[in-house]
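Build me a structure from this.
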Amino acid sequence: MAKDKPSVQLQFIGAAGTVTGSKTLVQTAKRKLLIDCGLFQGNKSERKLNKLRMLPFKPSELDAIILTHGHLDHCGYLPVMVKKGFSGPIYATTPTRDITEVILQDSARIQEEDAREANKRRSESKKPLKPLYREEHVNRTITLFQTHPANEWVQVDDDLRFRFQKSGHILGSAMVELEVEGHRFVFSGDVGQRVPLILDAPTSIDETDYLILESTYGDKLHDDTVSPYQALEEVVNRTFEKGGTLVIPSFAVERAQEIILILNNLMDEKSIPSIPIYLDSPMGADVTRIFQQHRDWHNLSEDECDSLTKNVNIVQSFEETLNVLDEDGPKNKIIIAGSGMITGGRVLYYLKQLVGDSKNTVLLVGHQAFGTRGHQLSNGAHEIKIDEEKFQVHAEISQIGSLSAHADQGDLLWWLGHFKETPKHIFLNHGEKEATEALKKKVEGTYDCAVTATELNKVYEL
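Next up, the predicted model:
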């Protein structure tokens, strides 16, 4: 860095040593920017980091927030910032704004419901628990969004501009190229696989001074010997033969739509029986509508896009949820319900009823963060705890890694290979320690540059 250039500081307030709570503070003498504003999820110690006192700044001090995409671990803290004084612009792509609104409204409802249920079990002598935010705070948050298309430079000030580049992770997801006071940064956000199922591949970027790169699957390679179609076909048929129900805890954005598309194609081909599909996620239904509105952000044909609601029973109210498992209904069912890591949502109701029966199958189809019920099940847990009650696990637990929306180690190295010049410094975030360290060794063995596994709240002077 030239001595006449002002210093820039990076501080990772989340997603350092973990995959949730993404928040990266970019600070100069003149301004403070936040790249992503996510909620911590997972075990209790991580969720405690959602308390406002953990931030090294006041929300009112932020000049702007730039959002890479609409997953809760990247956008879920926005209403807290707004509630406590942030009033600047929130920059995002249009699909990201639309998805974020759906995600945050759902998050607010769940938090209010969880607070009510917890207070029922709480001693009257203790102070009642309150949700982090309510729907009114979400509504105020959405008014601050300013949307921009991909690959268009946005000039914020004389010495500050940025643009979004498609990242192939979920609908509307983008990397952020940022130029500030003579420094050039690329924030990868979450990077998709090099051949996503329904999106364009991650955009290649030629150059940058500093790269902030996710490392969720930095120590893994997705199993490409079995296609998502074949894997899902085998799980469905195996469960059907047992006369059981297939429960798929799923993220409402991208994953639910991919699963429905594959299931419908398999049924059309008669590779699996015609089994009723239940999408028990009002949020998933809303996101499907957003898919149909933003056809320039995915590669589905018009017929494929319309098929996302074909053969699908969309469950809206919790009263309808109670009827899905009605004994008078079909014996075999496929139930897709949030949340994807089984941290909350309506999938908990189904697991209470079904996880104890060996005829049934629970299919995990995305990353399961440490400390979540999904992580416990993927690691062979014999029981899980839901609403202070323990449930024995006898259902088959299956997992499809090839449906992940995240790049694996090979994909990340492939994407890095497109830089014409190696970045001066690569900062690895958004990964658990083992994954980040494994990717760090790989990158150091391939490229001649400094590579740092980021630490939570540490300030990096550039």
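
how about residue 299, what does it touch?
Residue 299 makes contact with 198-200, according to C-beta atoms under 8 Å, 6 or more residues apart in numbering. (Each C-beta comes from the backbone N, C-alpha and C, glycine too.)

and it, helix, strand or coil?
Using DSSP: H, G, I helix; E, B strand; the rest coil, the structure places residue 299 in coil.

Would you mind measuring from it to residue 198?
Applying C-beta to C-beta, to the nearest Å, one obtains 6 Å for the distance of residue 299 from residue 198.

returning to what we had before: most neighbours among the contacts of residue 299, which one is it?
Neighbour counts for the contacts of residue 299 peak at residue 199, which has 24 neighbours (criterion: other C-beta atoms under 10 Å).

That residue: which element?
Of the helices and strands defined by DSSP states H and E, none includes residue 199.

Also residue 191?
Secondary structure here is read from DSSP H and E; on that basis residue 191 sits in neither a helix nor a strand.

for this protein, which spans come out with low pLDDT?
Counting by pLDDT under 70, the ranges of the chain that qualify are 1-6, 52.

in it, which spans are helices?
Along the chain, the stretches classed as helices by DSSP state H are 44-47, 72-75, 78-83, 94-121, 135-142, 228-242, 255-268, 282-293, 302-306, 318-324, 347-354, 373-378, 409-416, 433-446.

which secondary structure elements does the fifth one contact?
Contacts defined by 3 or more C-beta pairs under 8 Å, 6 or more residues apart in numbering; DSSP states H and E place helix 135-142 against helix 78-83, helix 94-121.

next one: it to chain centre, how far?
Here helix 135-142 shows a centroid-to-chain-centroid distance of 20 Å under the convention C-alpha atoms, centre = their mean, to the nearest Å.

Of all residues in this structure, which one is nearest the centre?
For the chain, the residue whose C-alpha lies nearest the mean C-alpha position (C-alpha atoms, centre = their mean) is residue 71; its distance is 3.9 Å.

And it, how far from residue 377?
Using C-beta to C-beta, residue 71 is found at 21 Å from residue 377.

Residue 92 now?
Residue 92 is 33 Å from residue 377, where distance means C-beta to C-beta.

quick one, which of the two is more surrounded?
Legend: neighbour count by other C-beta under 10 Å for residue 92 and residue 377, higher for residue 92 (25 against 22).

bridging residues for that one?
According to DSSP bridges, residue 147 are recorded as the beta-bridge partners of residue 92.

So it sits against residue 100, correct?
Yes. Under the criterion of C-beta atoms under 8 Å, residue 92 is in contact with residue 100, at a separation of 6.9 Å.

Need the helices and strands packed on helix 135-142 in a markdown table (columns: distance to residue 373 and mean neighbour count).
Shown next, in a markdown table, are these (distance: least, C-beta to C-beta, whole Å; neighbours: other C-beta atoms under 10 Å):
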| stretch | distance to residue 373 | mean neighbour count |
| --- | --- | --- |
| helix 78-83 | 24 | 25 |
| helix 94-121 | 15 | 19 |
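
just the contacts of residue 299 now: which is nearest residue 67?
Of all these, the one with the least separation from residue 67 (C-beta to C-beta) is residue 199, at 17.5 Å.

which residues does the closest one contact?
By C-beta under 8 Å, 6+ apart, the contact set of residue 199 is 166, 168-171, 192, 254, 297-299.

Please identify the most buried of the helices of the chain.
Compared across these, helix 72-75 shows the largest average neighbour count, a mean of 28 (mean count of other C-beta atoms under 10 Å).

and that one, how far from the chain's centre?
The chain centroid and the centroid of helix 72-75 are separated by 7 Å under C-alpha atoms, centre = their mean.

Kindly export that helix (C-alpha atoms) in PDB.
Coordinates of each C-alpha in helix 72-75 appear next as PDB, following Å, rounded to 0.1, in the frame of the first residue of the first chain:
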ATOM      1  CA  LEU A  72     -30.900 -14.600   7.500                       C
ATOM      2  CA  ASP A  73     -27.200 -14.900   8.500                       C
ATOM      3  CA  HIS A  74     -26.500 -12.000   6.100                       C
ATOM      4  CA  CYS A  75     -29.600  -9.800   6.500                       C
END
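
Which other helices and strands does it contact?
In terms of contacts (3+ C-beta pairs under 8 Å, 6+ apart), helix 72-75 is packed against helix 94-121.

Determine the set of other helices and strands touching the helix it packs on.
helix 72-75, helix 78-83, helix 135-142, strand 145-147, helix 282-293.

Reformat those as TSV; add distance to residue 105.
Compiled in TSV, those are given as follows (distance: least, C-beta to C-beta, whole Å):
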stretch	distance to residue 105
helix 72-75	12
helix 78-83	10
helix 135-142	5
strand 145-147	14
helix 282-293	8
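
what's the closest of these to residue 61?
Ranking the helices and strands packed on helix 94-121 by distance to residue 61, with C-beta to C-beta as the measure, places helix 78-83 first at 10.6 Å.
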